[in-house]
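**Student:** task: produce atomic coordinates for the following.
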Amino acid sequence: MNNKNNFNVCIVEDNILYANTLHGFLRTRFPYMKIKIFHTGETFLKELSQNPDIVIMDYFLNSKHEEAHNGLEIIKQIKAQKPETHIIVLSVQEKYSVMVESIGLYNCSYVQKDPEAFNKVAELITDII
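**Tutor:** As a prediction, the model looks like this:
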């Protein structure tokens with residue numbers, strides 16, 4: 001893993017406002033990190049070779065782009081190609097089975113989108129680094 005000054009974080013979120021707000025929040029907490037936003041999982045996968053240390057992934061990536069894969073499909077592809085990547089699923093997903101699959105089978109962290117979500121993501125990033 002990179003040292004913290006070269007840490008590479010990718011946000012995969014189709015809600016542009018939410019993604020930009022999270023980016024700004026993380027930039028103030030972790031000014032030394034490279035943080036990039038992708039609005040579909042497919043565009044993110046094209047740059048997976050850049051070896052992100054952490055991916056913050058929305059589950060519902062097809063709310064704006066109906067043809068897009070959902071977060072779980074993208075997680076499967078990330079873990080198949082780069083199993084060491086830390087993934088934080090950040091979603092309003094309330095289905096227990098989806099959370100169990102993403103957390104259990106693919107070793108992801110899960111954060112519910114709520115008023116404390118950004119702080120919880122920052123805590124997870126701090127734990128990882």
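**Student:** so after the one helix or strand in the chain whose mean pLDDT sits lowest, what's the next helix or strand?
**Tutor:** Within the chain, no helix or strand scores below helix 96-100, which has a mean of 65 by mean pLDDT, DSSP states H and E. Using DSSP states H and E, the helix or strand that follows helix 96-100 in sequence is strand 109-112.
**Student:** report the buried residues of that following strand.
**Tutor:** Buried residues in strand 109-112, counted by 16 or more other Cβ atoms under 10 Å: 109-111. Every residue, glycine included, has its C-beta placed from N, CA and C.
**Student:** now do the helices in the protein.
**Tutor:** Here the chain has its helices, by DSSP state H, at 16-29, 41-45, 71-81, 96-100, 117-128.
**Student:** can you show me the CA trace of stretch 75-94 as PDB?
**Tutor:** The C-alpha coordinates for stretch 75-94 follow below in PDB (Å, rounded to 0.1, in the frame of the first residue of the first chain):
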ATOM      1  CA  ILE A  75     -17.300  -4.600  -6.600                       C
ATOM      2  CA  LYS A  76     -17.100  -8.100  -8.000                       C
ATOM      3  CA  GLN A  77     -15.000  -6.900 -10.900                       C
ATOM      4  CA  ILE A  78     -12.700  -4.800  -8.600                       C
ATOM      5  CA  LYS A  79     -12.000  -7.700  -6.300                       C
ATOM      6  CA  ALA A  80     -11.400 -10.100  -9.300                       C
ATOM      7  CA  GLN A  81      -8.700  -7.700 -10.700                       C
ATOM      8  CA  LYS A  82      -7.400  -6.000  -7.500                       C
ATOM      9  CA  PRO A  83      -8.300  -8.000  -4.500                       C
ATOM     10  CA  GLU A  84      -6.200  -5.900  -2.100                       C
ATOM     11  CA  THR A  85      -8.400  -2.800  -2.800                       C
ATOM     12  CA  HIS A  86     -10.300  -1.500   0.200                       C
ATOM     13  CA  ILE A  87     -13.900  -0.800  -0.600                       C
ATOM     14  CA  ILE A  88     -16.400   1.200   1.400                       C
ATOM     15  CA  VAL A  89     -20.000   0.800   0.200                       C
ATOM     16  CA  LEU A  90     -21.800   4.000   0.900                       C
ATOM     17  CA  SER A  91     -25.500   3.600   0.100                       C
ATOM     18  CA  VAL A  92     -29.100   4.000   1.200                       C
ATOM     19  CA  GLN A  93     -29.400   0.200   0.500                       C
ATOM     20  CA  GLU A  94     -31.500  -1.300   3.300                       C
END
